[in-house]
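Trainee: After the sequence you'll find the predicted model.
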Amino acid sequence: VSDADHFYLEIFAVILSTIVAFYCITRAYTLNEKFSLFVGIGFSTIAVIDLLHAVFSYLYVGNNQFLSYFIPQTWFAGRTFLGAMLVIAVAKYASKVEKQDKQQIEGEERHNDNINIPQAEHREEKLHGSLLLSLTVLAFLAISVVAMSFFTIFPGIVLPYSLARPYENPSLILFSIALFLFYKKRLYDTNDAFYKGILGALIIDVFGQIVMSFSSVNFHTAHNVAHILKDSGYFIIILSLAVSSIQYNKIANQREATIRLQYNKLKEMDKMKDEFINVAAHELRTPIQPIIGLSEILRSRIRNTTSGNGTNAENQEYVDVILRNGQRLGKLVEDVLDVTKIESQSLELRKEHFDLNDLIISIIDDIVAAEADSMVYGLPARRKDKNHVKINYRPHQLLVYADKNRLAQVISNLLNNALKFTSEGYVAVTTEKKIDRNSNKNGTIAIVNICDSGSGVDPEIMPRLFTKFSSKSFSGTGLGLYICKNIIEAHGGKIWAENNKDGKGATFSFTLPIDN
């Protein structure tokens, strides 16, 4: 092999090491793996050293004195750097590769709910610091050995003995240490082909250094065989990276298929759940209606019957319990049906033009009538001062285009919630009409505010107040506000809540677009 052939062998090594570096760095970025990152950065440096070795060997081909020490010393520099890099990579960054790869490749997933995030962040920072230190050491080593290659460090660097280049032993020792650590940590057990490629390259590098140590003349058999072995080691790593990439793509496709299958199963189960709830709710509603209706008739008859022994009063109390719980169960069934419609996107709105003021007054009247025995409310032009809570509302005409029944459901729910959590004080309802500055159309909107002086909203619940089952109360399902939110949003409006600034009570508000 001539000096030109040696140049091509080294250029081929530069190309191969560059491919290894690119592949490893890409792999590190994809898998967030420090081992691949370290190896990739190391091989990028190796590519530079090999390029330097090839170019200067070719440029000074006639300068035998310079080449007599430059070629052996740059070979020594590259091999020493590669050996040191692999020792550090295997020793520091491959300690947990086996467990990680088995979980990734075999699909074994373990979830730990007790992760201490601050400690994990501390370990990550420590790992980054360790990586930076290792790279700094390698950079210093690379610069040092390359710089020394340009000077006659060892005048008689090639000896006239069978072991012509004993200074190859440090590199041989480094490769052997890396190979020992590789076996000690049982990295050959990993199912990732990349680590098997590293193992193969280490074995080849050990033999390559042994062969090179017997090279007494540049470009002769031992010298050239060592170069071919070096290129072969690089090529094996590239093949292993390609196989590893295929493995991970296959695993990713399998996991994607599994996720898709599980998603379809969950979707089907969710559909079956909705259908079951829908059927169950309809079946429950059928017997509830006569229970409520007959209880009301029975209560009316008991009230119209006089008795001096108190039996009627006791019977009326029992009937009231039946009626109250029947109504509560009926409300729950209706809520469940509404949630089913919302989640199946089958909630229909029957819009019409009406005066929002009339709707609010009628709802207040209904609440007053229903709660007259336990509470007294102050109303415009109608005041019954028997109670500790008043509903204040100043009516004014406000025409809207919306589903009247659904809006009544929202306002009734918000009013009942306000009264439920207000033991004394007031519940104030206000409405206003204004231009929506946040909208691109600058349309007119109606704003309804329901403010109370009750206990307010628990700050812990506030972020998820309008989600399902957000209530902490045993007397509520947490579905009402979720339904309200979806009804208002179906109208193109918004709903929100906030605790009052004086620390007493909360204010629930919603907006509705007004059809001019």
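Mentor: Structure's in. What do you need?

Trainee: Tell me where the model's unsure across the protein.
Mentor: 1-3, 62-69, 95-135, 137-164, 216-219, 306-311, 371-390, 439-442, 471-477, 515-516 (pLDDT under 70).

Trainee: Would you map the strands across it?
Mentor: Taking DSSP state E as the criterion, the chain carries its strands at 351-355, 378-379, 382-383, 389-393, 399-403, 425-435, 444-452, 495-499, 506-513.

Trainee: Mind giving me the packing neighbours of the fifth one?
Mentor: Here strand 399-403 is seen to pack against strand 351-355 when contacts are counted using 3 or more CB pairs under 8 Å, 6 or more residues apart in numbering; DSSP states H and E. Quick note: C-beta positions are derived from backbone N, CA and C, even for glycine.

Trainee: List the buried residues of the strand it packs on.
Mentor: For strand 351-355, burial by neighbour count (16 or more other CB atoms under 10 Å) applies to residue 354.

Trainee: One more: stretch 45-59?
Mentor: 45, 46, 47, 48, 49, 50, 51, 52, 53, 54, 56, 57.

Trainee: hmm, who's touching stretch 356-370?
Mentor: 377, 379, 382, 384, 391, 393, 395-400, 404, 407-408, 411-412, 415-416, 419, 429, 431, 446, 448, 512 (CB atoms under 8 Å, 6 or more residues apart in numbering).

Trainee: Now the buried members of the residues you listed.
Mentor: By 16+ other CB under 10 Å, those give 377, 379, 391, 393, 395, 398, 400, 404, 407, 411-412, 415-416, 419, 429, 431, 446, 448, 512 as buried.

Trainee: elements contacting the lengthiest helix in the chain?
Mentor: Ranked by residue count and defined by DSSP state H, the top helix of the chain is helix 221-304. Using 3+ CB pairs under 8 Å, 6+ apart as the contact test, the elements touching helix 221-304 are helix 3-31, helix 97-106, helix 193-212, helix 311-343.

Trainee: switch to 7 Å and redo it
Mentor: helix 3-31, helix 193-212, helix 311-343 (3 or more CB pairs under 7 Å, 6 or more residues apart in numbering; DSSP states H and E).

Trainee: Just list what the longest one packs against, helices and strands only.
Mentor: Pointing back at helix 311-343 there. Where contact means 3+ CB pairs under 7 Å, 6+ apart, helix 311-343 is packed against helix 221-304, helix 480-490.

Trainee: Can you point out the buried residues in that helix?
Mentor: 312, 315-316, 319, 323, 326-327, 329-342.

Trainee: Ok, stretch 284-297 next?
Mentor: 284, 288, 291, 292, 295.

Trainee: Please identify the most buried of the helices and strands packed on helix 311-343.
Mentor: helix 480-490 (a mean of 21; mean count of other CB atoms under 10 Å).

Trainee: Now do that helix against strand 495-499, angle only.
Mentor: Relative orientation of helix 480-490 versus strand 495-499 (axes from the mean of the first three to the mean of the last three CA atoms, to 10 degrees): 130 degrees.

Trainee: who touches helix 480-490?
Mentor: 335, 338-339, 342, 347, 349, 406, 409-410, 413-414, 417, 465-468, 470, 494-495, 510 (CB atoms under 7 Å, 6 or more residues apart in numbering).

Trainee: For it, what is the distance to the chain centroid?
Mentor: 27 Å (CA atoms, centre = their mean, to the nearest Å).

Trainee: could you give the angle of that helix to strand 506-513?
Mentor: 20 degrees.

Trainee: Let the chain start at 878 from now.
Mentor: Taking 878 as the first residue, the last one we looked at is helix 1357-1367.

Trainee: Pull helix 1357-1367 out as CSV, backbone CA atoms only.
Mentor: Extracted as CSV, the C-alpha positions of helix 1357-1367 are listed here (Å, rounded to 0.1, in the frame of the first residue of the first chain):
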residue,chain,number,x,y,z
GLY,A,1357,-74.4,21.5,37.7
LEU,A,1358,-71.7,24.0,37.0
TYR,A,1359,-70.2,21.7,34.3
ILE,A,1360,-73.6,21.7,32.6
CYS,A,1361,-73.9,25.5,33.0
LYS,A,1362,-70.5,26.0,31.4
ASN,A,1363,-71.4,23.9,28.4
ILE,A,1364,-74.8,25.5,27.9
ILE,A,1365,-73.3,29.0,28.0
GLU,A,1366,-70.5,28.1,25.7
ALA,A,1367,-72.9,26.5,23.3
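
Trainee: what's residue 1289 in contact with, if anything?
Mentor: Counting by CB under 7 Å, 6+ apart, residue 1289 has contacts residue 1240.

Trainee: Could you report the separation of it from residue 1379?
Mentor: Residue 1289 sits 26 Å away from residue 1379, going by CB to CB, to the nearest Å.

Trainee: quick one on the thing from earlier: and residue 1139, which of the strands of the chain is closest to it?
Mentor: Distance to residue 1139, taken as CB to CB, is lowest for strand 1372-1376 among those, at 34.0 Å.

Trainee: who's in contact with residue 923?
Mentor: Per CB under 7 Å, 6+ apart, neighbours of residue 923: 894, 955, 958, 959.

Trainee: Please tell me how far the first one sits from residue 1114.
Mentor: I take that to be residue 894. Counting by CB to CB, the separation of residue 894 from residue 1114 is 9 Å.

Trainee: Please apply the same query to the last one.
Mentor: Between residue 959 and residue 1114 the distance is 11 Å, computed by CB to CB.

Trainee: Quick check: neighbours shared by those two?
Mentor: Common neighbours of residue 959 and residue 1114 (CB under 7 Å, 6+ apart) do not exist.

Trainee: since we're on the nearest residue to residue 1275 once chain neighbours are set aside, how many residues are nearby?
Mentor: Nearest residue to residue 1275, sequence neighbours excluded (CB to CB, 6 or more residues apart in numbering): residue 1233, at 4.4 Å. Residue 1233 has 23 neighbours, counted by other CB atoms under 10 Å.
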